[in-house]
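Sequence first, then the predicted structure, then my questions.
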Amino acid sequence: MGIIGWIILGLLAGAIAKILLPGRDPGGFVGTTLIGIVGAFLGGWISARWLDHPVSKHFYDGATWVAAIGGSLVLLILYRLLFGNSRD
């Protein structure tokens, strides 16, 4: 899966993470989208590096999706903890 595939996966993972964690985000739609893309890369890297499950070369692999969504959720939670009150 190329870089464009990871970006698309990140966009979708960010949207799914936003659905799973509703509420106001400090960065709005653009911030959540970027967090999704970075989270997909981070989740894939963690999966390959420490969980001994290299990411698949297929876009529809379930483990790849779980890693991308998990990475997006972790980054979204950290982002809310660090910058959660900036929109008040």
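Everything's here; your move. Numbering: from 1, shown residues only.

for this structure, what spans make up the helices?
With helices called from DSSP state H, the chain shows them at 3-20, 28-49, 62-83.

Now mean neighbour count and mean pLDDT too, for the ones you listed, in a markdown table please.
(Each C-beta comes from the backbone N, C-alpha and C, glycine too.) Below are those laid out as a markdown table (neighbours: other Cβ atoms under 10 Å; pLDDT from 0 to 100):
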| stretch | mean neighbour count | mean pLDDT |
| --- | --- | --- |
| helix 3-20 | 17 | 82 |
| helix 28-49 | 19 | 79 |
| helix 62-83 | 19 | 83 |
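
Provide a list of residues in contact with the most centrally placed residue in the chain.
Relative to the mean C-alpha position of the chain, the nearest C-alpha, by Cα atoms, centre = their mean, is the one of residue 72, at 2.3 Å. Neighbouring residues of residue 72 by Cβ atoms under 8 Å, 6 or more residues apart in numbering: 10, 13, 14, 16, 17, 35, 36, 39, 40, 43.

Over to residue 66?
So residue 66 contacts residue 43 (Cβ under 8 Å, 6+ apart).

any idea how far it is from residue 74?
As judged by Cβ to Cβ, to the nearest Å, residue 66 and residue 74 stand 12 Å apart.

Find residues that contact each of the two.
Common neighbours of residue 66 and residue 74, using Cβ under 8 Å, 6+ apart, are residue 43.

excluding its backbone neighbours, what's nearest the residue nearest to the centre of the chain?
Using Cβ to Cβ, 6 or more residues apart in numbering and skipping residues adjacent in sequence, the residue nearest residue 72 is residue 39, 3.1 Å away.

The one you found reaches residue 10, doesn't it?
Yes. Assessed by Cβ atoms under 8 Å, residue 39 is found in contact with residue 10 at 6.7 Å.

where do the contact lists of the two overlap?
With Cβ under 8 Å, 6+ apart as the test, residue 39 and residue 10 both reach 68, 72.
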